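Engineer: here is a sequence together with a model predicted from it:
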Amino acid sequence: MIAAIKPAGSNTRGLLAYLYGPGRHDEHFDPHLVAGFAMLGMPDPGRDENATLTELGHYLDEPVRLRNNEFGKPVTEYVWHCPVRAAPEDRYLSDTEWGEIAQRIVQAAGIASARDDLACRWIAVRHADDHIHIVATTVREDGRRPKLHDSGIRVGDECRTIERDYGLRRLRKGDRTGTRRPTQAEMHKADRLGWEQTSREWLQDRIRAAIPHATSVEELLAYLEAGDILVKPRRGPSGDLLGYAVGRPDDLNKDGEQIYHPGGKIAPDLSLPKLKVRLETSAPEEHPTARRNRSTTAWHQATDALDTLHTETTNTDADEDARAQAQISALGELIEATAQKAPADIRAQLQAASRAFARAQRSQIRAEDRVAHALRSAARDIVNTATGPDGSALVALTAALVWAVVLAGQWHDAKGHAHQADAAREAVQHLQSAADTALAATLTELAGRPFKEEFRRTLANDVHAAVPEHADRILADPGWPALATVLADAEAGGHKPHQLLKEAAARRELGTAHRPARVLITRIQHTSRNPAPNRRAEAARLRSTTASAFGVPSPGTQPRTAIAPKSQPSRPRR
């Protein structure tokens with residue numbers, strides 16, 4: 001059940017005309033009162049043909065008129081309006097039940113308690129099966145104003161109790177970190193102009209997409225202006241930036257003037273102070289040209305940077321919460337950066353993941369943003385790369401993003417952040433779809449390569465030895481032949497399959513993985529992309545360097561012994 005308190009108004013009669021009228025799309029039927037401050041003798045135009053809307057409006061406005069006549073300064077914004085809506089899957093509620101709910105809402109808000117004879121006047125109008133509208137005038141019978149500070153929080157808490165008492169769909173309790181829902185006026189305007197998003201939603205997506213491109217708020221605003229976003233900075237006499245607002249082209253008010261939205265009204269974490277902390281507390285940045293020169297490795301470095309999230313989010317120390325929140329906030333920027341540079345076949349899923357994860361990027365825990373410079377640098381490296389990733393780099397990064405968001409959701413769950421955990425779960429679905437698409441070509445190529453069964457059995461023994469608790473699931477996974485090929489390639493490069501499997505399992509918990517072989521493929525391809533160093537050659541080089549420095553002949557110049565070293569049994573070849 002959602003109760004949305006609207007901004008205060010001053011036209012009681014006009015609001016009643018809407019509630020008792022046909023609606024903007026003829027959606028209202030049988031409008032009538034279900035509750036009020038004094039139902040006995042109250043005019044109801046929906047049930048009494050002799051009652052008028054003007055009469056009902058005057059009845060509600062009477063305490064306001066008396067106060068305005070008595071005091072010099074009139075009360076203007078006094079109409080309190082709160083629609084209360086049930087979920088589509090909720091059962092039908094009778095007029096009596098809606099009346100009880102309305103009484104509980106006005107009491108929680110501070111409009112009128114059940115035993116207060118001098119409370120504000122209010123009514124509840126029903127003109128549909130699934131919702132009511134509560135209207136009140138915020139002047140009490142004794143002329144005083146009600147205390148409505150934080151009324152939205154109290155009403156939201158009461159809605160959660162009502163859901164439990166009436167057996168309705170249970171919603172999550174709010175934590176004051178969410179974005180404002182689009183108003184009816186905003187949605188109707190977007191529909192009228194043919195926009196898929198309201199202006200605030202559209203602007204939020206553009207600002208979040210610009211964040212990985214900037215290292216300061218000034219850079220961010222310049223980037224937005226270059227992208228045809230209308231920017232209205234607010235500066236002090238010294239020229240320092242004090243605030244900002246942004247506008248969507250062609251978003252005009254009734255007077256033909258451009259509409260601007262302050263960043264903090266678009267989303268809580270897009271206010272100027274929050275953006276300054278995020279953008280200006282990172283490590284010193286390289287020049288964009290330097291980033292482009294190493295575009296091939298930027299994607300692998302981003303995958304490496306995600307490993308820090310495992311440590312931060314699994315630490316149960318309360319002092320580490322600020323660090324974990326900072327890493328999760330930066331993770332959202334990395335998802336957005338990846339979406340911007342990803343191939344077209346997975347870009348839509350990554351963009352949807354970025355949009356969903358925005359809710360998980362902020363909570364009531366204040367982020368220590370300076371610790372997340374590695375992830376933020378990785379995001380900036382990716383958006384500044386001249387070319388997209390190769391196949392293996394993209395596969396590794398998308399798989400790492402899936403696990404990182406899973407960890408973020410688990411951390412939010414542990415902290416009781418219900419909305420953020422839900423957002424992370426939604427983002428995981430989009431990321432998993434993108435990761436599966438990115439991996440499909442790699443799996444096809446790996447599965448088509450010839451492979452000796454004897455060598456595959458040897459690798460299966462490595463799996464049993466390295467991850468015995470998951471070995472049966474890995475070997476039964478349809479991706480096992482491809483994993484065996486990856487392990488064989490890694491061994492050919494000097495890596496030890498047993499060690500690679502243990503390291504991969506330590507980085508990514510396999511118990512919750514639906515296809516553990518796929519998880520291991522992406523991780524092992526990433527960690528074994530470079531040949532393993534030859535330890536004997538490195539030791540010989542160090543001995544030679546040390547000996548030369550002291551004028552001692554290098555061991556490499558000594559005659560070889562005639563006795564060959566004992567050979568070790570070799571593994572079967574592919």
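Structural biologist: Yes, it's here.
Engineer: which parts of stretch 415-431 are buried?
Structural biologist: Neighbour counts over stretch 415-431 (16 or more other C-beta atoms under 10 Å) mark 415, 417, 419-428, 430-431 as buried. For every residue, glycine as well, the C-beta is placed using N, CA and C.
Engineer: can you pick out the most distant pair from those residues?
Structural biologist: 415 and 430 (22.9 Å; C-beta to C-beta).
Engineer: follow-up on the earlier one: tell me the one among the buried residues of stretch 415-431 nearest to residue 47.
Structural biologist: residue 419 (40.5 Å).
Engineer: quick check: nearest residue in space to the closest one, chain neighbours excluded?
Structural biologist: Distances taken as C-beta to C-beta, 6 or more residues apart in numbering place residue 172 nearest to residue 419, at 5.3 Å, with adjacent residues excluded.
Engineer: for the nearest residue to residue 351 once chain neighbours are set aside, pull up the helix or strand it's in.
Structural biologist: Leaving out its chain neighbours, the residue that sits closest to residue 351 by C-beta to C-beta, 6+ apart is residue 339, at 4.7 Å. Following DSSP states H and E, one finds residue 339 within helix 321-341.
Engineer: buried residues, that helix. List them.
Structural biologist: Here helix 321-341 shows 321, 323-341 as buried, counting by 16+ other C-beta under 10 Å.
Engineer: can you give me the strands in the stretch 351-500 of the chain?
Structural biologist: With DSSP state E, counting those that start in this stretch, there are no strands along the stretch 351-500 of the chain.
Engineer: where are the low-confidence patches of it?
Structural biologist: Within the stretch 351-500 of the chain, no range satisfies pLDDT under 70.
Engineer: 80 instead, please
Structural biologist: Scanning the stretch 351-500 of the chain with the threshold set as pLDDT under 80 gives 369-371, 386-391, 447, 450-452.
Engineer: what about the helices in it?
Structural biologist: For the stretch 351-500 of the chain, applying DSSP state H, counting those that start in this stretch gives helices covering 373-383, 391-414, 418-447, 453-466, 471-476, 480-492, 497-507.
Engineer: what does the stretch 1-150 of the chain give?
Structural biologist: So, for the stretch 1-150 of the chain - with DSSP H, counting those that start in this stretch - the helices run 12-20, 53-70, 95-109.
Engineer: and the spatially closest residue to residue 68 that is not a sequence neighbour, how far from residue 137?
Structural biologist: Leaving aside its sequence neighbours, residue 68 sits nearest to residue 74 (C-beta to C-beta, 6+ apart; 4.2 Å). Going from residue 74 to residue 137 by C-beta to C-beta, to the nearest Å gives 13 Å.
Engineer: pick out whichever of the two has more residues nearby.
Structural biologist: Higher neighbour count among residue 74 and residue 137: residue 137, with 24 against 12, using other C-beta atoms under 10 Å.
Engineer: mind pulling the model confidence for the more buried one?
Structural biologist: Note on residue 137: pLDDT of 97.
Engineer: who are the neighbours in contact with it?
Structural biologist: 12, 60, 61, 63, 64, 78, 79, 80, 120, 121, 122 (C-beta atoms under 8 Å, 6 or more residues apart in numbering).
Engineer: what is the nearest of those to residue 482?
Structural biologist: Among the contacts of residue 137, and counting by C-beta to C-beta, the member closest to residue 482 is residue 80, at 62.9 Å.
Engineer: ok, what's across the strand from the closest one?
Structural biologist: Beta bridges link residue 80 to residue 136 when assigned by DSSP bridges.
Engineer: and the pLDDT at it?
Structural biologist: pLDDT, residue 80: 97.
Engineer: surely it is in contact with residue 136?
Structural biologist: Yes: in this structure, residue 80 is within contact of residue 136 by C-beta atoms under 8 Å, at 4.2 Å.
Engineer: who touches both of the two?
Structural biologist: With C-beta under 8 Å, 6+ apart as the test, residue 80 and residue 136 both reach 111, 120, 122.
Engineer: would you list the residues you listed in a markdown table and tack on distance to residue 501?
Structural biologist: Shown next, in a markdown table, are these (distance: C-beta to C-beta, whole Å):
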| residue | distance to residue 501 |
| --- | --- |
| 111 | 64 |
| 120 | 69 |
| 122 | 67 |
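Engineer: quick one: distance of stretch 339-354 to the chain centre.
Structural biologist: Stretch 339-354 sits 15 Å away from the centroid of its parent chain (C-alpha atoms, centre = their mean, to the nearest Å).
Engineer: for it, which outside residues touch it?
Structural biologist: Under C-beta under 8 Å, 6+ apart, the answer for stretch 339-354 is 208-209, 212, 332, 335-336, 338, 382-383, 385, 388-389, 394, 398, 401, 405, 427-428, 430-431, 433-434, 437-438.
Engineer: buried ones in it?
Structural biologist: 339, 340, 341, 342, 346, 349, 350, 351, 352, 353, 354.
Engineer: try stretch 430-448
Structural biologist: Under 16+ other C-beta under 10 Å, the buried positions of stretch 430-448 are 430-439, 442-443, 446.
Engineer: any stretches of the stretch 151-300 of the chain with poor pLDDT?
Structural biologist: For the stretch 151-300 of the chain (pLDDT under 80), the answer is 174-176, 281-297.
Engineer: would you map the helices across it?
Structural biologist: 151-166, 184-193, 199-210, 217-226, 263-266, 272-279, 288-293, 295-305.
Engineer: next step: the shared contacts of residue 80 and residue 136 restricted to strands.
Structural biologist: residue 122 (DSSP state E).
Engineer: of the shared contacts of residue 80 and residue 136, just say which sits nearest to residue 199.
Structural biologist: Using C-beta to C-beta, these come closest to residue 199 at residue 111, 31.6 Å.
Engineer: could you verify my assumption that the closest one touches residue 80?
Structural biologist: Yes: with contact defined as C-beta under 8 Å, residue 111 and residue 80 form a contacting pair (6.5 Å).
Engineer: just to revisit the earlier point, distance of the residue nearest to residue 419 relative to residue 389?
Structural biologist: Residue 172 is 36 Å from residue 389, where distance means C-beta to C-beta.
Engineer: look at these two and report which has more neighbours.
Structural biologist: Legend: neighbour count by other C-beta under 10 Å for residue 172 and residue 389, higher for residue 389 (24 against 13).
Engineer: report the contact partners of the nearest residue to that one once chain neighbours are set aside.
Structural biologist: Excluding its sequence neighbours, the residue lying closest to residue 389 (C-beta to C-beta, 6+ apart) is residue 299, at 4.2 Å. By C-beta under 8 Å, 6+ apart, residue 299 lies in contact with 382, 385, 389, 390, 393, 394, 396, 397.
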